[in-house]
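J.: Please find the sequence and the predicted model below.
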Amino acid sequence: MSTIVYWFSGTGNSLHLARRIAEGLGDTELVSIAHAMRAADPPRTAERVGLVFPVYAWGPPGIVHRFIERLVVEGKPYVFAAFTCGGSAGSTAAITRKLLRRRGLDLAAAWSVRMVENYPPLGGAPAPDAQQRHLAAADRRIGEIVGSLKAFPAGVTRDGNPLFGLLGPLIHPLFLRDLPRMDRKFTADDTCIQCGLCAQICPVGNIDLVDGRPRWLGRCEQCYACFHFCPTRAIQRGRTARQHRYHHPDVSAADLTGGASSQGQPGETP
Ligand SMILES: Cc1cc2nc3c(=O)[nH]c(=O)nc-3n(C[C@H](O)[C@H](O)[C@H](O)COP(=O)(O)O)c2cc1C
Ligand code: SF4
Ligand code: SF4
């Protein structure tokens, strides 16, 4: 039984989830959405096709919108989605279903998993001990999801607070509209050691280096990989110097920037 999982991830939560699904189902190809968007991704087919990504403003990230809008899947696979979030997925399943329907694909099942919040404007990541608690609970939840996926279930489970599901269709389009301008608030402070990692890790090439220091180019996805992976915490978004930084402990910067696809064993760099 073959599976393709398309994934997008800024701080590793969603890549961790994608890998756990791949490990649980076996015979799974993991495909980076960021890579697929840079190259001409060939039409693929499998008996199961999954989308795994973080929730942004109660819906899918902009890059996931654009990816689904051009997605070509051959045949009639079982299609599922799994989202990682910091609290509530809001209307992510409903929006994803609508996008897929326009491509002739039915979203059979969707899950959301609360992991570690990574959004600096709303306070950012919690303290390390809370991060560990959230990740332990998330791993239990991921185990349940992988178990149910094997039975090809239908329906959406736990998409968070129903109120946010109602507000999502109003808030999410505003987020998408403002996305390109949102990197104006990024700065690099004096602790920058000019290592260049921020430019390497950006999934959409939105950072170039001027005298070794980052300059943001106005096509940001707001994934916060640059912010959280900077080794000296030099990148700020407003008054964030004291905020915790976070990335999933099993996911490295190289994992996020690696090749387009893999056979997805945990710990393996895609
Ligand atoms: C721009 C942005 C918007 C976010 N919006 C939401 C949201 O609406 N609801 C929520 O529960 N978490 C939200 N989060 C938190 C992320 O969904 C969560 O931390 C996710 O697990 C990150 O996944 P990643 O590590 O794969 O990037 C947001 C994060 C970012 C960066
Ligand atoms: S990752 Fe941080 S230290 Fe490295 S170049 Fe970027 S801002 Fe400077
Ligand atoms: S500039 Fe930073 S936040 Fe924006 S897409 Fe690139 S890595 Fe993500």
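T.: Okay, I see it. Numbering: from 1, shown residues only. Ligands and ions are numbered 1, 2, ... in the order given.
J.: Check which residues of stretch 167-184 are buried.
T.: L167, G168, H172, F175, L179, M182, D183 (16 or more other C-beta atoms under 10 Å). C-beta coordinates here come from the backbone N, C-alpha and C atoms, glycine included.
J.: anything in it near ligand 3?
T.: Yes - contact between stretch 167-184 and ligand 3, assessed by C-beta under 6 Å from any ligand atom, occurs at D183.
J.: Pull out the CA atoms of that stretch and give them to me as PDB.
T.: Output in PDB follows, covering the C-alpha atoms of stretch 167-184 (Å, rounded to 0.1, in the frame of the first residue of the first chain):
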ATOM      1  CA  LEU A 167     -13.900  33.100  12.500                       C
ATOM      2  CA  GLY A 168     -11.300  31.400  10.300                       C
ATOM      3  CA  PRO A 169     -12.900  32.200   6.900                       C
ATOM      4  CA  LEU A 170     -12.900  35.900   7.900                       C
ATOM      5  CA  ILE A 171      -9.400  36.100   9.500                       C
ATOM      6  CA  HIS A 172      -7.400  33.800   7.200                       C
ATOM      7  CA  PRO A 173      -7.900  35.800   4.000                       C
ATOM      8  CA  LEU A 174      -6.600  38.900   5.800                       C
ATOM      9  CA  PHE A 175      -3.500  37.000   6.800                       C
ATOM     10  CA  LEU A 176      -2.900  35.900   3.300                       C
ATOM     11  CA  ARG A 177      -3.400  39.400   2.000                       C
ATOM     12  CA  ASP A 178      -0.800  40.900   4.300                       C
ATOM     13  CA  LEU A 179       1.700  38.100   4.000                       C
ATOM     14  CA  PRO A 180       4.200  39.600   1.600                       C
ATOM     15  CA  ARG A 181       4.600  42.700   3.800                       C
ATOM     16  CA  MET A 182       5.000  40.900   7.100                       C
ATOM     17  CA  ASP A 183       8.800  40.600   7.000                       C
ATOM     18  CA  ARG A 184       9.200  44.300   7.300                       C
END
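J.: What's the mean pLDDT across it?
T.: Stretch 167-184 carries an average pLDDT of 91.
J.: ok, and what's touching that stretch?
T.: With C-beta atoms under 8 Å, 6 or more residues apart in numbering as the test, stretch 167-184 has contacts from 56-59, 62, 65, 90-92, 94-95, 206, 216-222.
J.: Which pLDDT value belongs to the closest residue to E74 other than its chain neighbours?
T.: Nearest non-adjacent residue to E74, counting by C-beta to C-beta, 6 or more residues apart in numbering: T45, 4.0 Å away. On pLDDT, T45 comes in at 83.
J.: Same check on the one 3 residues further on?
T.: Reading off the confidence values, R48 has pLDDT 96.
J.: Quick check: bridge partners of it?
T.: Here R48 sits in beta bridges with T3, Y78, going by DSSP bridges.
J.: so who does it touch?
T.: For R48, counting by C-beta under 8 Å, 6+ apart, the contacting residues are M1, S2, T3, I4, L25, P77, Y78, V79, F80, L149, F152.
J.: Adding neighbour count, pLDDT and distance to P120 as columns, could you present those in JSON lines?
T.: As requested, these are exported to JSON lines (neighbours: other C-beta atoms under 10 Å; pLDDT from 0 to 100; distance: C-beta to C-beta, whole Å):
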{"residue": "M1", "neighbour count": "12", "pLDDT": "83", "distance to P120": "40"}
{"residue": "S2", "neighbour count": "15", "pLDDT": "94", "distance to P120": "39"}
{"residue": "T3", "neighbour count": "23", "pLDDT": "96", "distance to P120": "34"}
{"residue": "I4", "neighbour count": "21", "pLDDT": "96", "distance to P120": "32"}
{"residue": "L25", "neighbour count": "18", "pLDDT": "96", "distance to P120": "34"}
{"residue": "P77", "neighbour count": "20", "pLDDT": "94", "distance to P120": "37"}
{"residue": "Y78", "neighbour count": "18", "pLDDT": "96", "distance to P120": "37"}
{"residue": "V79", "neighbour count": "21", "pLDDT": "97", "distance to P120": "33"}
{"residue": "F80", "neighbour count": "24", "pLDDT": "97", "distance to P120": "30"}
{"residue": "L149", "neighbour count": "20", "pLDDT": "94", "distance to P120": "32"}
{"residue": "F152", "neighbour count": "13", "pLDDT": "90", "distance to P120": "39"}
